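**Q** Provided below for reference: sequence and predicted model.
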Amino acid sequence: MTVTAAYAARAAETDRHHSRVAATVSPVTDTLDLAFRRAGRSDADDIAALHADSWRRHYRGAYSDSFLDGDVDTDRIAVWRGRLEDTTRDTATVVAVDGNALVGFIHVVFDDDARWGALIDNLHVRYAQARTGVGTRLMSEAATAVRTRPHPSGIYLWVLEQNRAGQAFYDALGGRCVERDFVAPPGGDPGRLHGRPVKLRYVWETPELSR
């Protein structure tokens, strides 16, 4: 099989996988239909599944195919079970749910950086609910969590250089790109990266978002 044919076959299989996932999700047209709350331990596996699915869709080309098509589910389950069982870390995870179904989540690490403040470490929304306002509402929830702390700080995050849609989203919310750096491999394993992908640091110097 040629490289082009192999790529086309893999892309077709990815599309079929995405269609199966999307078919199980009911579209949400108004965030007023959703509940936003802090995540608990029982949410870990659902968050991990959404996280893994989002990485497969949007991180291909930055993360290796062998990781995305292999260990990513196990990796994310371990990460999220650990995070939500650890009550000593100064973090917050907010989920958006439609009934019992997870629609999106955001994870914030408070006071992560002396200069830039709180880190938005993860923001992911189910593929079928993209561009319905869920991501904007989750960002607002994170900003509120930072703003209402005894000592509010700025907010920052990293976005892949290849993720143009993500950059446009953060631009629209008033974020400012201040730095480029290389992506750190998930779990510290260089084999999980594809080449040397680049990430961009976006910052909000106060916990206020543009709308």
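**A** Sure thing, it's come through.
**Q** what residues are up against Thr136?
**A** Leu173, Arg211 (CB atoms under 8 Å, 6 or more residues apart in numbering). No exception for glycine: its C-beta is placed from N, CA and C like everyone else's.
**Q** partners of the spatially most central residue of the chain in the sheet?
**A** Nearest to the mean C-alpha position of the chain, counting by CA atoms, centre = their mean, stands Leu123 at 3.1 Å. Taking DSSP bridges as the rule, Leu123 bridges to Ile106.
**Q** can you check the pLDDT for it?
**A** Per-residue confidence at Leu123 stands at 98 (pLDDT).
**Q** same thing with Val21?
**A** For Val21, the model assigns a pLDDT of 38.
**Q** and Asp33, by the same measure?
**A** 86.
**Q** check the offset of stretch 152-160 from the chain's centre.
**A** 13 Å (CA atoms, centre = their mean, to the nearest Å).
**Q** I meant stretch 83-102, not that one.
**A** 13 Å.
**Q** related to what we said a few turns ago, list the contacts of the residue nearest to the centre of the chain.
**A** Shown in contact with Leu123 (CB under 8 Å, 6+ apart): Gly104, Phe105, Ile106, His107, Gly135, Leu138, Met139, Ala142, Leu157.
**Q** how about the fourth one, nearest residue that isn't a chain neighbour?
**A** Counting by CB to CB, 6 or more residues apart in numbering, Asn122 is the residue found nearest to His107 once chain neighbours are left out, at 4.2 Å.
**Q** I figured that neighbour hits Val109, correct?
**A** No - using CB atoms under 8 Å, Asn122 is not in contact with Val109, being 9.8 Å away.
**Q** between the two, which one's more packed in?
**A** Using other CB atoms under 10 Å, the more surrounded residue of Asn122 and Val109 is Asn122, with 20 against 17.
**Q** what's near enough to touch the more buried one?
**A** Residues near Asn122 by CB under 8 Å, 6+ apart: His51, Phe105, Ile106, His107.
**Q** buried ones among the residues you listed?
**A** When the contacts of Asn122 are checked for burial by 16 or more other CB atoms under 10 Å, the buried set is His51, Phe105, Ile106, His107.
**Q** what about Ile47, helix or strand, and which?
**A** Assigned by DSSP states H and E, Ile47 belongs to helix 44-58.
**Q** next SSE downstream of that helix?
**A** helix 65-68.
**Q** show me which residues of that following helix are buried.
**A** So for helix 65-68, counting by 16+ other CB under 10 Å, buried means Phe67, Leu68.
**Q** show me the shaky parts of the protein.
**A** Where the chain drops to pLDDT under 70, the residues are 1-30, 32.
**Q** again, only this time at 80
**A** Regions of the chain meeting the criterion pLDDT under 80 cover residues 1-32, 211.
**Q** helices along this structure, start to end?
**A** Taking DSSP state H to define them, one finds helices in the chain at 3-22, 44-58, 65-68, 72-85, 134-147, 164-172.
**Q** ok, Leu157 touching Gly117?
**A** No - using CB under 8 Å, Leu157 makes no contact with Gly117, being 10.8 Å away.
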